[in-house]
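Asks: Sharing a model that was predicted from the sequence below.
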There are 2 protein chains.
Amino acid sequence: MTGIRRLAQHLDISIGTVSRALNGRPDVNEETRRKVLEAATELGYVPNQSGRSLRQGTTNIIGFMMQTGTEITGQGDTFFMSVFDGVQTVFARHHLDLVALLCSSEEDPDDYLRRVVARGFADGLILSATQRHDPRFEFLATRKIPFVTLGRSLTDVGQPWLDLDFEGMAQTSIDRLVAKGHRRIAVTRPHDDVNLGHLFVDQSAKALAAHGLALDPGLIFSSKPNEAGGYHVAQQLLTMKDRPTAILLVNETIAIGFYRGLSEAGLKPGRDIAVIGRQSPQSHFLSPSLTGFTLSRRDLGIALAEALLATMPAFSHFYPDVEPRKVWPEDLVEGESDAFSLPT
Amino acid sequence: MTGIRRLAQHLDISIGTVSRALNGRPDVNEETRRKVLEAATELGYVPNQSGRSLRQGTTNIIGFMMQTGTEITGQGDTFFMSVFDGVQTVFARHHLDLVALLCSSEEDPDDYLRRVVARGFADGLILSATQRHDPRFEFLATRKIPFVTLGRSLTDVGQPWLDLDFEGMAQTSIDRLVAKGHRRIAVTRPHDDVNLGHLFVDQSAKALAAHGLALDPGLIFSSKPNEAGGYHVAQQLLTMKDRPTAILLVNETIAIGFYRGLSEAGLKPGRDIAVIGRQSPQSHFLSPSLTGFTLSRRDLGIALAEALLATMPAFSHFYPDVEPRKVWPEDLVEGESDAFSLPT
DNA sequence: CATAGTCCCGTAAACGTTTACGGTGGCCGA
DNA sequence: TCGGCCACCGTAAACGTTTACGGGACTATG
């Protein structure tokens, strides 16, 4: 005799009642419910997830898909981890388990997702590293699997998303730099087709246009979103005749490499070039201090989880008024890296 | 009519035969098996994992537990990801799904593991960030859950493990540095109780002793295993009166921060101090080039997976002669960072 | 022809839940 | 007294598999 049956026998009660008691159904006497819960802890009963899944066609698992090709992050080691933390705290409240689905760099993300879905692995998914055109969206939509994405895409199947505020970042950065007399402003973007890069470049161009300036295509640097990428950007920049006087770094970690590349040539951010980037735990150790945007990654994760739950019928009533799509605000932390200004 | 039943009906055959055909049982006519497989792809049948799990008490999932407190890695962003890749390729052969279980920095790893196990989540586990004394081992052993650890521990319940070759690294490093005239050799270690730190320090002391030298306790630097940690180590080192002339960096990423900390004070690895570390994708962009150890992370992952499977009854016959415990060799890549030598 | 053996297949139970359905007993109002 | 309602509980089916068991058809052997 195992499982719920054992509990029932021990209490001389039917298994139906035990199940109802454990699941918080209303049609069970509070006194018997108390006894059931007591016996459950006493006997160390934990419900069998397979049985439950089989019966109600739900796994209680949410998957957070990341790609190792982007070095799990592309935003610095801790970025996704903090977001993950936030997501996890929300799901824990609903007894949902969160796991990370790491798609190898050698496997096609679309194939990987197909496998995950075919297996009926998760009740819902969180997607990151969203591409400019992302086939995964349509796939999940036709399978009617709830999902939310961290990052917009041109592909739109009506799913909720959260994203960074590239418009805001570009605008305040550009305004700030133009006010300091800069005209030749460079911009970095990840080398792959992740949508983030497109957005940031577009918004930067827009912000420049507001000042009657154009974004020089020669000043758009594609790089891997990691330290090495930043280092390369610096090297490219050093070889230019008509060097930009300011640069925007969209990814977090590349600032590290960029600083190093610069310093090897004897250049210094804030003195020889104005740099605006994104804050990260690592960037606090940069010198001169980085002027950059910051956001609460944990809160971002929480919002991501809530947006997903709001679309899942079983949980939506908990989150009646969640904005399904939202651009996440960032604050600018002023440092010394953009102190460099030009006479006007 | 759903699932296997639908297939059976479509072929006018019993569900038992269908199941046997799909699972590669011998007692089924090859001709009917062919038909079944054909129909399966035609109808897009995929077995329901819940049903299967319920029946045979197995989930076909392997969990790779990592901790976000150590910034998923503590070894640099890509370390675990490459290992993960290797593990995944092995498991894919056996139709096992690998997921990452990320324990939040705010949650106790032991509690987290308890939850995972109670839920019956995985058939097997891979543990990383092994502590010097690790309660998780005993817990899993009593629950009879197959697991393998990346890293040794003083806690030993007979489980297989793989680990880095700290003895080898310490010995070749020390020998090399002593041969260059160094006597005051510093060592870094992670600030927490992860076993790796203890081992590396111990082995370094042993290697020094072989030359009649002692490891000065004042030359053991505890640091976070990331860039910031390396930066701090450099800062600490700079304030010392009797500075060491050489240093061993056990973690991969800390070299980055260490270099930066040094260069801010006008010091240079290889000229003012000898540095030996560990190679990483990022370290290739260090200048002067790093002398450091390297290993095939992917192969490490493969070995890890095989070690686990060898202990699981259902798979052990595939891996009859896998060494259950193994120290993973590393090669030294010579760079310029340890060029600094002393007159003897 | 009888017997044993082999190959293949069908039947049905079992895994641990959830839940629709119906039933019992008590209470209340007419 | 009786019908109806309510609160609570028991029964049993269902979810989709796997697998032990047995049986039928055929072949080989005596």
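Replies: That came through fine. Residues are numbered from 1 along each chain as shown, chains lettered A, B, ... in the order given.

Asks: Spell out which helix or strand contains the residue in the stretch 51-200 of chain A positioned nearest to DNA strand C, please.
Replies: DNA strand C sits closest to A:Gly51 of the stretch 51-200 of chain A, with a gap of 3.1 Å, by Cβ to the nearest atom of the strand. (Glycine included, C-beta is placed from N, CA and C.) Here A:Gly51 sits within helix A:49-56, counting by DSSP states H and E.

Asks: Would you map the helices across chain A?
Replies: Counting by DSSP state H, chain A has helices at residues A:3-11, A:15-22, A:30-42, A:49-56, A:77-93, A:109-118, A:135-142, A:166-179, A:195-209, A:227-238, A:254-264, A:297-311.

Asks: closest one to DNA strand D among the ones you listed?
Replies: Between DNA strand D and the helices of chain A, the shortest gap by Cβ to the nearest atom of the strand is with helix A:15-22, which sits at 2.7 Å.

Asks: quick one on the thing from earlier: kindly present the helices of chain A as TSV, with separate columns for mean pLDDT, mean neighbour count and distance to B:Pro269.
Replies: As requested, the helices of chain A are arranged in TSV below (pLDDT from 0 to 100; neighbours: other Cβ atoms under 10 Å in any protein chain shown; distance: least, Cβ to Cβ, whole Å):
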stretch	mean pLDDT	mean neighbour count	distance to B:Pro269
helix A:3-11	95	17	61
helix A:15-22	97	18	61
helix A:30-42	96	14	58
helix A:49-56	96	17	52
helix A:77-93	86	23	23
helix A:109-118	93	16	39
helix A:135-142	96	17	44
helix A:166-179	97	20	35
helix A:195-209	94	21	34
helix A:227-238	92	22	17
helix A:254-264	90	25	13
helix A:297-311	96	22	33
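
Asks: now the helix holding A:Gly51 against helix A:3-11, angle please.
Replies: 100 degrees (axes from the mean of the first three to the mean of the last three Cα atoms, to 10 degrees).

Asks: Need the residues that contact helix A:49-56.
Replies: By Cβ atoms under 8 Å, 6 or more residues apart in numbering or on different chains, the residues outside helix A:49-56 that reach it are A:3, A:58-60, B:48-51, B:53-54, B:57, B:59, B:119-121.

Asks: repeat that with 6 Å
Replies: Counting by Cβ atoms under 6 Å, 6 or more residues apart in numbering or on different chains, helix A:49-56 makes contact with A:Thr59, B:Ser50, B:Gly51, B:Ser53, B:Leu54, B:Arg119, B:Gly120, all of which sit outside it.

Asks: how much space between the first one and chain B?
Replies: Right, A:Thr59. Taking Cβ to the nearest Cβ, to the nearest Å as the criterion, A:Thr59 is separated from chain B by 7 Å.

Asks: any idea how far A:Ala207 is from that residue?
Replies: Computed as Cβ to Cβ, to the nearest Å, the A:Thr59 to A:Ala207 distance reads 44 Å.

Asks: before we move on, what about the last one?
Replies: Shown here: B:Gly120 relative to A:Ala207, a distance of 53 Å by Cβ to Cβ.
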